[in-house]
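>>> Generate a structure from the sequence data that follows.
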Amino acid sequence: MRLLTYRTGAGVRWGVSTAAGVLDVAAAQHEFAADTRPFEPACDRLPGLRELLEQAEGHEDLFIDEAALELGPCLPVANKIIGIGLNYRRHAHEANMAVPKAPILFAKYNNCLASARDTIDLPTTRHQYDYESELAVVIGKRAKRVGPDEALDSVFGYCVANDLSERELQLSAGQWTIGKMLDGFLPVGPYLVTADEVGDPQNLGIRCWVNGELRQNSNTADMIFPVAELISYISCYATLEPGDIIVTGTPEGVILGMEHKVWLRPGDEVVVEIDKLGRMTNRMTCSDN
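Numbering: from 1, shown residues only. Just a heads-up that it's a prediction; the model follows:
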């Protein structure tokens, strides 16, 4: 299934993208007297959601034209957002950094979440703004000290992400989080695709364009630490819960690795695409606020 959220006057609502349009999950729950708890990305909620989708077939009033919706982040609230640094071999090489012996972790927060169509504000106090196309993993089942062989059982789904960064803050402060935690600096979407539709997360093409120029063109097979190893490693130190996001690192082709660096500026358009997950387009802006 391909899940999304869309904005309404009261907040955001969950939907399922189908050929007939977007199923309004809450409306369908009410129509069929189904589980009326607010939907959340937990593995144990998937059977009920599939049943709801089957019940809704033919009920045109429960489906909305996707083109008419203002999308929200495909996961509007996260419990934890865990970023992974230097997790592609060729990216480590372009950054002139050693291949890490263990995953490098940093934090992002809910203020970073943005949608696949949002404009992203670049504060004028800084200028070294960079893109990072990334595969994001959404946890759907509690994972504590799990082994790599069972780690993928805890995955609810995957989505496209752009781990936007301000490099001067990231690299001069002695830790990375300050350069990663700016408002809107993690657009995700347009869809949260369930794990069963994605299959092997280590065989997905990943691409990024800036103003129509292809900048990143790689595959998740180049990860140093595959998704299963990341989940296993993190779960040894912090229990992973449904609604946690792991942003798994970026391939080569970021501005930081270029000899002639032209950082992102207001007006630039960044497009990130991952096989099976869709395409996300964000334009950079500047509000001077």
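
>>> right, and Ala20 touches His59 too?
No: Ala20 lies out of contact with His59 (CB atoms under 8 Å); the separation is 9.4 Å. From N, CA and C alone the C-beta is placed, and that goes for glycine too.

>>> Let me know the pLDDT of Thr8.
In this model, Thr8 is scored at 92, pLDDT.

>>> next one: phi and psi at it?
Backbone dihedrals for Thr8, given as degrees, to the nearest 10, come out at phi -130, psi 180.

>>> Please report the distance of the nearest residue to Gln128 once chain neighbours are set aside from Thr125.
Excluding the flanking residues, the one nearest Gln128 by CB to CB, 6 or more residues apart in numbering is Arg167, at 4.1 Å. Note on Arg167: its distance to Thr125, by CB to CB, to the nearest Å, is 14 Å.

>>> swap in Val254?
Val254 sits at a distance of 21 Å from Thr125 (criterion: CB to CB).

>>> between those two, who's got more neighbours?
Counting neighbours by other CB atoms under 10 Å for Val254 and for Thr125 shows that Val254 has the greater number, 22 against 7.

>>> check contacts around that one.
Counting by CB atoms under 8 Å, 6 or more residues apart in numbering, Val254 makes contact with 91, 94, 130-132, 215-216.

>>> Same question for Ile82.
Residues 105-108, 234, 238, 244-247 are the ones in contact with Ile82 under the rule CB under 8 Å, 6+ apart.

>>> right, and out of those residues, which lies closest to Val210?
Val247 (19.3 Å; CB to CB).

>>> and the nearest residue to Gly15 once chain neighbours are set aside, what does it touch?
Excluding its sequence neighbours, the residue lying closest to Gly15 (CB to CB, 6+ apart) is Val22, at 4.0 Å. Neighbouring residues of Val22 by CB under 8 Å, 6+ apart: 4, 6, 15-16, 63-66, 69.

>>> Of those, grab the buried ones for PyMOL.
Here is the PyMOL selection string for the buried members of these, based on 16 or more other CB atoms under 10 Å:
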select buried, resi 4+6+15+16+63+64+69
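
>>> mind putting the contacts of Val22 in JSON lines, secondary structure included?
Shown next, in JSON lines, are the contacts of Val22 (DSSP: H, G, I helix; E, B strand; the rest coil):
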{"residue": "Leu4", "secondary structure": "strand"}
{"residue": "Tyr6", "secondary structure": "strand"}
{"residue": "Gly15", "secondary structure": "strand"}
{"residue": "Val16", "secondary structure": "strand"}
{"residue": "Phe63", "secondary structure": "strand"}
{"residue": "Ile64", "secondary structure": "strand"}
{"residue": "Asp65", "secondary structure": "coil"}
{"residue": "Glu66", "secondary structure": "helix"}
{"residue": "Leu69", "secondary structure": "coil"}
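
>>> What score does Asp288 have for pLDDT?
69.

>>> mind listing the strands for the stretch 101-250 of the chain?
For the stretch 101-250 of the chain, applying DSSP state E, counting those that start in this stretch gives strands covering 104-108, 113-114, 119-121, 129-130, 133-139, 155-162, 165-166, 186-187, 192-194, 205-210, 213-219, 245-247.

>>> how does this protein divide into domains?
Recorded structural domains for the chain (assignment: automatic domain parsing) are 2-68, 81-285.

>>> Distance to Cys74 added to those, as JSON lines?
Listed next are those as JSON lines, based on distance: least, CB to CB, whole Å:
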{"stretch": "domain 2-68", "distance to Cys74": "6"}
{"stretch": "domain 81-285", "distance to Cys74": "4"}
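
>>> Please identify the most buried of those.
domain 81-285 (a mean of 19; mean count of other CB atoms under 10 Å).

>>> any idea how far Gly179 is from the spatially closest residue to Ala34 that is not a sequence neighbour?
Take Ala34 and drop its neighbours on the chain: the residue closest to it by CB to CB, 6+ apart is Leu52, 5.5 Å away. The spacing between Leu52 and Gly179, counted by CB to CB, is 41 Å.
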